[in-house]
Every structure is written in structure tokens, then in C-alpha cells.
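> The sequence isn't on hand, but the structure is:
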């Protein structure tokens, strides 16, 4: 069943208000196994709304309309829905009474223009809003079922879960389960990951298991989406492909699903009873900012040191290792990570570069990693911070710290 | 001229990635006087894309398509555009050469599948992407001009301003020059700013000078957009209103236009020959991360210290002032800023709070500022960092450091 999400309102259309409702509705639908097929945004404009309803009735089986149920003249959803259905608006006595009582309970008279919120297309099914004056409703336009929800996020979210999704699942005849498996890697780009995963049975963009990528530089997210009749069936379908993807992406996998690289690191350090101090030059605190605020870091994170000054010997892997070793002893941490950077003497342009020197010290000694990154200053800074955290991850897991990454130039 | 914004990609459609591109494009179009008429979101799906292109060609005069220009098989924009135009894809030798050279400059071979990014619909107009491998292009489908842009925000934003908007203004027959004046404030919300600016001649939501607000917590952006036949005419129209807005927002203005609070601070410190050290507890490095990496900070930024441990006396303004004073002497900086935070003992819920203690030390002594902020941990952390930087700005400019802000609870 193809579901469309149709958001209305000038503020949303013009970007004045960030449309968080769209993403929330879409994620909830995907989570319960519904297929989000189309998104439309139109303003508070009669002609656009009518066109949008008619087009949605053509390309979707069910449409969630969000917004336009308020008491003011620019709230047009009921009116245009009635026009699209070819029926008049009629007063819903039940909802009028509910609103009147709700105002009375707060010792207030209902303003006259709120009556508009009880005017629904003739024959519409009422969808209850337990926490607001804008009721939802459902009508059929063409072959599609339209479910109208208010724009107030708090009201929409509750109605979505309690009223809208159960109706949609019933319409779709969905009984099975879905799962989205995510791998987060650092060091490979989308094209390389695509090549690395070629030929895994059932895994393709339009395969039984849907493969997708999302680059969040410096990380890449690889996604496997599958559906089964029940949990066992799903595990059977996804299991082998998941294991093969994990094997092929190998050392580059820094985290899975809801995990983050810094969370994985913190859990590992904490689990082994380790503590950590950090020294950063040009990354200017962004490594500390990823670890120090985490819940649980209070027992692991000892000290972060941010400077713009390199050691007198300059930036080298030896200097980074020495810095890490000194910091480890000074701060009393079991582990220390130092990142020294030497920026090329050049303006901030795309092929600007920097030399990154990473040092890690622990009770067993020190290890180092040298890398050249190219790009804008921000790009290099993000890459260097990720590389440093990944080196520490690799070191803690006994993996090679100097495996070549796609972003680096040697 | 009616403009549609058509966003593509499964990640956007399903809400996995928040669609920040839509809002950015819409706001920029409105700022230059273009009419955003429709928004569409579809996935990486051939049939949906084709339908979306055909529908957009009917209800819009110009369409900005965003996304789907990458090197992998789920990037379908060029292919479907060619189909909608009824022409084949042909290799753009110029772009292939540009990509090959760009890889060569980085000492890398271009992966084979990147060649796909130089395949454009026959007759398409190339739209330059100076900072990425996905070139844009323009074609006419039906009566509408379609302009294709990459999904990577940094690339899209630059191309939008430099390539797409000039083409749209020309299509719309909009002549003359436009200017957008921006004020960045910290400490006041949108309704208060709206009240503060009431009654300035010509300045209104639909006035000769268009007034707009954009909240980027913890800052608020106030925008004045105006159009004139030439630069002098424009300066005349905008000048008086701009000065009056600056006067009324007063001490709350932390930066204007492209400036940032941290940039303004750095320029002031640097201009006066000062140096700065920072100590942070629960902000975990995010204050240092805003200043230390800036160009020019190498002569100003002395040391950043990140801990999770409060002084033994706990968090107080006195302890923050003492911490700043000690740090100033230890690090040899002329100025030091210390931020101590005491989080309420509670789970991470909306009405969670924290006490923020800020201390500033300079050769003349110390000053302090106490504040209570409420919200989620991330919300408080961002607010505390902004408050600390703003306190330092106010101190350096001789403004009151303890002027009440809207976010604070006393």
C-alpha cells in the first residue's frame, strides 16, 4: 500500500517553520512496515490544496494530510476536502459538544470561530483528538483514503500512533514485521562500499533485501531493509546477508544501528576499566566535545587539552606519541590520545591539505599514525577527529591502526 | 513565476535524513523575491520520479530538483530527466575531464562508476559545481525549466546562490538588486523581537522592506529583505530601517550578516592584543571548538581545558571566577573564561535544568554571571556555551554581562 504524506501551510512551504512533522510521520510509518511513497507540501491556498488532493488520490492508496484544521480563515482542509469529495460541509454535533465541554471545564466560553472546527465533509469518519480542539477525520477521494491530522506536533503525534497508524495497518492488511539494519563505517566512500558489497545474494537497491547508502561525512551509513511474515522468517531472510555485509566491510565498521563511534569507544574503555585524556591542536575541542558530554563519561574522561601550539619539535608521529605519553602520566589516565596537525600554508580552498599526526599512549607503550587529508579546513578537521577516534577504536580492538582510508593521500 | 522544490531520495522520503535542504532552498527563494509554490518529495524510484517531473511541469514554471546526482545505481536524476525530455543521455566530455583532473590533483584515480556523473540528457545546460563531482544541469520539460542540484548541502548551497538563483531571477524577469540584511541576536525570542521592532516605517512581513525571523536556538536571526533598481536606491531604502533595527535590538545583537559571535569575539581580542584561555565542564569542549579552530586564533587562543569534574567547592560564581583567575595565570593568557555547570539530578526530560556559573578573569580582576537554564541536556549545553561567549563579548565591549535573557529562569 502506497502512503502519501501531504503537509499544508504557508510557514512550512516557505521554510519559515522547519517541517519536523513530515520526518516524524515518515519514520513512524516505516517503523511499522508501511511504505512511504510520496511527500507533498503546499501552502494555505485553495487551488493548490485541491490539486494536491486530486493528485494524491491518483498516486497513493492512503494519504495523511497534516495541518489546516485550525479555527482561522486560512485553515482550509475541511472545506477543500468536501469540495474534492463533492459533498457539503455539515456540523458534527458530537465534536461541537466535545469542544464546548472542553472550554466549559476550563471556565471559558468557546469562541464563535471554533465552531468551524466541527464542520466536516458529509459522511466523514471522525478521528478523535483527545488533547485539542482540532478533530481529525477520514474521507475517501477517488480510490484513496485520506486521514486528516492537526499541525500541532503534540496532537499530531498522539493521533498518529493511537488513531491513524492502526487504520492504515488495517487498510494495508499488514500482519508481518520489518527490520532496518544499519552499519556505520569510516574510511570508505559510497562508491567503494557499493563495489565491496556487489553480488551478495538477494541484496540490491530493489532486491528482496533493499540496499541503501547515506554519506554523513566522514562516516558512511549502509542500510539493509527487509520484511518477513514474522520475526523468525525475517531473521532468516536478513541473517546471512547481514553477516556477509559485516564481514566485507570488516575493520571499517565503527558502529551498528543506534550506536555511535564515540559511544562504542566509551563503552569499551569503561568496560575495561580504562580512563582517557585527550590533547588536540587544530581539531580545537571537537574530539572532546564528542566524548566528554556522554552519559557515563564522568568515570572515563579525565582531561581534555586544547591548544593551537605545536610542540617545539613540530608535528610528527613521534611528537604526538610523546605528547600522549606525557598527558597520560600528568593526568593519571590509563589511555591518552593526542592529535597534532600541521596545516599547509595556503588559503581555505578545496584542495588545501594538512598532515595529521596521531599518538596513542597506554600502559603497554605508544603507537602512532600519520595521514595526509585534503579539503577545506572544516572538512579536514572533521576527518582528523574521526580518524583519531577510529585509531583509538582500532587500537583498543587490536586492529591495524594504519589501514589506508579513501579520504587520505599518501 | 511559480517555483517548485522537488527533493529526491529514499532517506529524505522516509525521514531517516532530516531534509534541511528543502527549508534552505525555500528561504533563499523567498528572500530574493521568488514565489515558492509547491514542494514534492519522492524516493529513488524511477516511476515516482517520472510522475513527479511530469506533474511539476504542469503546476510550476521552474523546478529545482535536489538530489540523485551521485555515482551509484540509486542515483537516477539524469536518467529520468532524459526520459522525461525524450532524449538520450550523452557524455559531457567537459565534466568528465573536470572530474578526472580533480581526482588527479588529489593523487587518485577516478573510480569507474563516477563516469555516470558526466552523463547528461542531450541538450542539457551544464550547471557548474565548483566543489564536487556532481554537476548540476538544466532542461526544459513541458513548459517548465528544471534545474538539477546535488543533495550534498554544502555543494547545493553554493550552487543555489551562484548558479540557480541568478537563472531563476532572469526567468522571472526580476531586475534590480536585492539585499538581505541579517542581525544575529542572543537572549531574545521571536515574539519579543517582533514587539521590539514594531512600527518602524516600511518594515513589515509584507512591507516595502520585508521583515522575517528565523530561530536557530540559541540565536535568533532577524532578516530585512529589500529590492531596489540599483545599489544606491537600495541603500536609500534600507539604510534608515537598518540603523533603527540595530538601535532597538541593542545589546542583544551579537553579530551581523556573515559574522559569528565567536568571530566577533576573536577579532576584538586580537585587535586589542589580548589572549584567551578557556575552562569548561559539562559543555565538554564545544566552546573551545567554536574559537580555537578559527583562522587567527593561533595568536589569541592559549589553552582550552575540558573536564567532567567540578572544583571541590562545587559550582558557584565565585568558584568559576577563581577557576578563570587560576587558568589565566597558569596559561599566561590575558583573559580567561570558565564555565562550571551543575546539572539537576533528573533524567533527560524537557523540564530538566542546570545552574550555569560563568567566570571571566582579565588584568583588571574577575566578573561572574549566574543563570538557570531549563530543557534537555543538549539544549542546556548549547545555551550555556552561547551565554558564556556572550558574557565575554559583553565584558570586552563594556556592556552589562547580567542583562536578563528570555531563556533563563530566575
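The structure has been received and is ready for your questions. Since the model is a prediction, treat every value here as computed from it, not as a measurement.
> Please make it C-alpha for all contacts and neighbour counts, starting now.
Will do.
> what ranges of chain A fall below the confidence cut-off?
A:346-351, A:410 (pLDDT under 70).
> Tell me which other helices or strands the top helix by length along it touches.
Criterion DSSP state H: the longest helix present in chain A is helix A:377-397. Judged by 3 or more Cα pairs under 8 Å, 6 or more residues apart in numbering or on different chains; DSSP states H and E, helix A:377-397 is in contact with helix A:261-271, helix A:286-291, strand A:335-343, strand A:353-362, strand A:365-374.
> List the buried residues for the second one?
Pointing back at helix A:286-291 there. A:286-291 (16 or more other Cα atoms under 10 Å in any protein chain shown).
> Can you name the two of those residues that sit furthest apart?
A:286 and A:291 (9.0 Å; Cα to Cα).
> what bridges to residue A:342?
Residue A:342 has these beta-bridge partners by DSSP bridges: residue A:355.
> burial count for the nearest residue to residue A:219 once chain neighbours are set aside?
Counting by Cα to Cα, 6 or more residues apart in numbering or on different chains, the nearest residue to residue A:219 once its immediate chain neighbours are dropped is residue A:186, at 4.8 Å. When neighbours are defined as other Cα atoms under 10 Å in any protein chain shown, residue A:186 has 25 of them.
> same question, residue A:361
28.
> With distance to residue B:296 added, can I get the helices and strands packed on helix A:377-397 in JSON lines?
What follows is the helices and strands packed on helix A:377-397, written out as JSON lines (distance: least, Cα to Cα, whole Å):
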{"stretch": "helix A:261-271", "distance to residue B:296": "30"}
{"stretch": "helix A:286-291", "distance to residue B:296": "18"}
{"stretch": "strand A:335-343", "distance to residue B:296": "13"}
{"stretch": "strand A:353-362", "distance to residue B:296": "17"}
{"stretch": "strand A:365-374", "distance to residue B:296": "21"}
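> Which residues belonging to the longest helix of chain A are considered buried?
Buried, per 16+ other Cα under 10 Å, within helix A:377-397: A:377, A:379-381, A:383-396.
> again with stretch A:35-49
Of all the residues in stretch A:35-49, those buried under the rule 16+ other Cα under 10 Å are A:35-46, A:48-49.
> what subset of the residues you listed is also close to chain B?
Filtering the buried residues of stretch A:35-49 for neighbours of chain B using Cα under 8 Å from any Cα of the partner chain leaves A:36-43.
> Mind checking which of the residues you listed land in strands?
Members of these lying in strands (criterion: DSSP state E): A:36-42.
> Any chance of those residues in a markdown table with distance to residue B:160 as columns?
Formatted as a markdown table, these follow (distance: Cα to Cα, whole Å):
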| residue | distance to residue B:160 |
| --- | --- |
| A:36 | 28 |
| A:37 | 27 |
| A:38 | 24 |
| A:39 | 22 |
| A:40 | 22 |
| A:41 | 20 |
| A:42 | 22 |
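> Of the residues you listed, which is the nearest to residue A:86?
Distance to residue A:86 across these (Cα to Cα) is lowest for residue A:42, with 21.1 Å.
> What segments of the stretch 101-250 of chain A are strands?
Per DSSP state E, counting those that start in this stretch, the stretch 101-250 of chain A carries strands over the ranges A:119-121, A:125-127, A:136-141, A:144-149, A:177-186, A:203-204, A:209-216, A:219-228.
> Can you name the residue of the stretch 51-200 of chain A nearest chain B?
residue A:191 (6.4 Å; Cα to the nearest Cα).
> Contacts only, for that residue.
Contact analysis of residue A:191 by Cα atoms under 8 Å, 6 or more residues apart in numbering or on different chains lists B:71-72, B:111, B:113.
> now the helices for the stretch 1-150 of chain A?
With helices called from DSSP state H, counting those that start in this stretch, the stretch 1-150 of chain A shows them at A:10-13, A:20-31, A:46-59, A:77-85, A:93-105.
> Tell me which of those helices sits nearest to residue A:330.
Evaluated over these, closeness to residue A:330 peaks at helix A:20-31, with 46.6 Å, by Cα to Cα.
> Any residue of that closest one touching chain B?
Yes - Helix A:20-31 lies within reach of chain B by Cα under 8 Å from any Cα, at A:22-27, A:30.
> which helices and strands sit right next to the helix or strand where residue A:277 lies?
Applying DSSP states H and E as the criterion places residue A:277 in strand A:276-280. When contacts are defined as 3+ Cα pairs under 8 Å, 6+ apart, strand A:276-280 packs onto helix A:286-291, strand A:301-306, helix A:317-331, strand A:335-343.
> Can you tell me which of these is nearest to residue A:251?
Closest among the helices and strands packed on strand A:276-280, using Cα to Cα: strand A:335-343, at 19.9 Å.
> Return the angle between stretch directions for the closest one and helix A:377-397.
If you take axes from the mean of the first three to the mean of the last three Cα atoms, to 10 degrees, strand A:335-343 sits at 150 degrees to helix A:377-397.
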